[in-house]
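# coords below, sequence missing:
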């Protein structure tokens, strides 16, 4: 079980900050993000979309977009 405060609580607290405090918070968060950017967490874009329930959310589309003939139009032809 996570001990992190819910996002709503964090946003409420952030709204109470002065503009200067908010700017400092943003800078610190950006620094922290930049510091962790170089590490490989093992998570993928698929993982992030899956966590948000976005994988499989389009139900009326083909499994593979390449099955759409319009999408594949001109594929493999030399550009002129």
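All right, it came through fine. Just so it is clear, the structure is predicted and the values come from calculations on it, not from any experiment.

# any idea which element the residue at minimal distance from the centre of the chain lies in?
Centroid-nearest residue in the chain: residue 48, 6.1 Å away (criterion: CA atoms, centre = their mean). In the assignment (DSSP states H and E), residue 48 maps to helix 45-51.

# after that helix, which helix or strand is next?
Per DSSP H and E, the first helix or strand lying C-terminal to helix 45-51 is helix 69-72.

# what is that following helix packed up against?
Packed against helix 69-72, as judged by 3 or more CB pairs under 8 Å, 6 or more residues apart in numbering; DSSP states H and E, are no other helices or strands. Where C-beta positions appear, they are placed from N, C-alpha and C, glycine not excepted.

# same question for that helix, mean pLDDT?
What helix 69-72 shows for mean pLDDT is 75.

# count of neighbours near residue 20?
Around residue 20 there are 8 other residues, counting by other CB atoms under 10 Å.

# that should have said residue 25, apologies.
Neighbours of residue 25 under the rule other CB under 10 Å: 13.

# so it sits against residue 14, correct?
Yes - in terms of CB atoms under 8 Å, residue 25 counts as a neighbour of residue 14; the distance is 6.7 Å.
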